[in-house]
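Novice: Predicted model follows, preceded by the sequence.
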Amino acid sequence: MSEPATNNSGCFTSLMVLLAAIFSSLVSANGSAFTPLLPPQPTEIAMHVDLAPSVENFTSEELQLAADVITKRLAGLALEPTSVEIVDGALIRVGLPPLENLDDVVQTLSSRGLLEFVDFSDIPDYPAWTGSEILTTGQGDHPISETAAPNPTTNQPFVTIISGTDIESATAFLDTQFSQWTVLITLSEAAGNTLGDYTRDVIGKPMAIVLDGKVLIAPVINQELGREAVIQGNFTEADTRRLAVQLGAGALPFALTVQVIDGNFGR
């Protein structure tokens, strides 16, 4: 059984704020409009990027879902013109305009972007798990890491309460109170109810916030939560805007790897 990575600070709870009442005024004060990671690009498709699933056992439905998510992420980046097509049932070919930061765009498109709220109520040493890779039920048929740790209490995957599929919107903004770039997420009504029911029963216990299989933080729940949540951490502005685009478009069923980049723009 894998051991969790040790984090000596053990006090990252202050970096994670989950409140449902004050964020409308907070976001308004800091600018709620999402500024695209890149400005709109004119003219023509200048290159093609071939992205292949990082797993072997995928279905045609999962590949189509991945193509749909990439299309939404491109819209979130405000890129024009673009194209997305499935080739030979094996990879996704993305057409892009000339770009100066191609690597950032490819990372935004290819990372899985799976956010999970995970049950940590039976984990006594929860602060030590910050930064650890864990196995969760929300990862489905495609675990993010073969070496991820299961729940040490049950030796089974950690239970995912809600995941990125339940997110209706995600917005990046600067939280001036903590001087940190932040992502505000809004959950579907059903997911908000699920999270509320869960947190009502675990007040005083931890819940992990997990991104792509890695524990960002495991704050102690001190009140029932609702449809809105704020994610804060040691993120740069670019990281935060990228995360907002990914969360707003939904998670990929698996990560994608770059096979071919046909074109030299931005390289």
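Specialist: Right, received. Where do you want to start? Numbering: from 1, shown residues only.

Novice: Quick check: mean pLDDT of stretch 219-229?
Specialist: Across stretch 219-229, pLDDT averages out at 90.

Novice: quick one: that stretch to chain centroid distance?
Specialist: Stretch 219-229 sits 18 Å away from the centroid of its parent chain (CA atoms, centre = their mean, to the nearest Å).

Novice: And that stretch, what's buried?
Specialist: 219, 221, 225, 226, 227, 228, 229 (16 or more other CB atoms under 10 Å). Every C-beta, even on glycine, is put in place using the N, C-alpha and C of the backbone.

Novice: what does stretch 122-137 give?
Specialist: Neighbour count says stretch 122-137 has 123, 126, 127, 128, 129, 130, 132, 133, 134, 135, 136 buried, by 16+ other CB under 10 Å.

Novice: quick one: which of those is nearest to residue 64?
Specialist: residue 136 (23.9 Å; CB to CB).

Novice: Give the bridge partners for that closest one, please.
Specialist: Going by DSSP bridges, residue 136 is paired in beta bridges with residue 158.

Novice: Can you pull out the low-pLDDT segments for the stretch 1-150 of the chain?
Specialist: 1-43 (pLDDT under 70).

Novice: Next, please give the residue ranges for the helices of it.
Specialist: 23-30, 60-77, 102-110 (DSSP state H, counting those that start in this stretch).

Novice: Return the per-residue confidence for residue 175.
Specialist: 87.

Novice: Quick check: the gap between residue 167 and residue 60.
Specialist: 25 Å (CB to CB, to the nearest Å).

Novice: Which of those two has more residues huddled nearby?
Specialist: residue 167 (22 against 9; other CB atoms under 10 Å).

Novice: which residues sit in contact with the more buried one?
Specialist: Contacts for residue 167 were tallied using CB atoms under 8 Å, 6 or more residues apart in numbering; they are 115, 185, 186, 187, 188, 191, 247, 248, 250.

Novice: Tell me what it is bridged to.
Specialist: With DSSP bridges as the rule, residue 167 is bridged to residue 187.

Novice: what's the answer for the one 5 residues further on, then?
Specialist: Counting by DSSP bridges, residue 172 is bridged to residue 183.
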